[in-house]
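**Student:** Give me a model of this one.
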Amino acid sequence: EVQLVESGGGLVQPGGSLRLSCAASGFTFGNVDMSWVRQAPGKGPEWVAFVNSDSGRRYYAQFVKGRFTISRDNAKNTLYLQMNNLEPEDTAVYYCATNYGDLNKGDYWGQGTHLTVSS
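**Tutor:** This is a model prediction of the structure:
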């Protein structure tokens, strides 16, 4: 059974930093591309960042470029999202997902971790 378990969310002041983690199990993590997806209150989900299986390619949504860094440790079956210079608009539930997180294509999502950016 595929399991993706996110952690690391919380309350952060604007301008602060936080690192999210996603522990993966039930599949060969090192063979699968991964993404972070977020959903802000009252809005639809939006893709945030992507890393391919060997970390050779990383892509970011324009709204996080230069502030967020996606990474992975295949030996630990863990995906990360380092978030710096956080803004109130980053408040959302953050999900890790396989591939690009397209549920119509059978991608998997975790249960999410909440991030609130507020003073």
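**Student:** Which of the three states applies to the most centrally placed residue in the chain?
**Tutor:** In the chain, the residue lying closest to the centroid (C-alpha atoms, centre = their mean) is W36, at 2.7 Å. Secondary structure, DSSP: H, G, I helix; E, B strand; the rest coil: W36 is strand.
**Student:** Setting aside sequence neighbours, what's the nearest residue to it?
**Tutor:** V48 (4.3 Å; C-beta to C-beta, 6 or more residues apart in numbering). Where you see a C-beta, it was placed from the backbone N, CA and C, and this is true even at glycine.
**Student:** Show me what counts as buried in the one helix or strand that neighbour maps to.
**Tutor:** Following DSSP states H and E, one finds V48 within strand 45-51. Neighbour-count burial for strand 45-51 flags P45, W47, V48, A49, F50, V51 (criterion: 16 or more other C-beta atoms under 10 Å).
**Student:** Go ahead and confirm the third one touches R58.
**Tutor:** It stands for V48. No: with contact defined as C-beta atoms under 8 Å, V48 does not count as touching R58 (11.5 Å).
**Student:** which neighbours do these two share?
**Tutor:** I70 (C-beta atoms under 8 Å, 6 or more residues apart in numbering).
**Student:** circling back to that earlier point, using CSV, lay out the buried residues of strand 45-51 together with distance to T28.
**Tutor:** Converted to CSV, the buried residues of strand 45-51 look like this (distance: C-beta to C-beta, whole Å):
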residue, distance to T28
P45, 25
W47, 23
V48, 23
A49, 21
F50, 18
V51, 16
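**Student:** ok, of those residues, which one's closest to T113?
**Tutor:** V48 (12.7 Å; C-beta to C-beta).
**Student:** any idea how far that closest one lies from T69?
**Tutor:** 11 Å (C-beta to C-beta, to the nearest Å).
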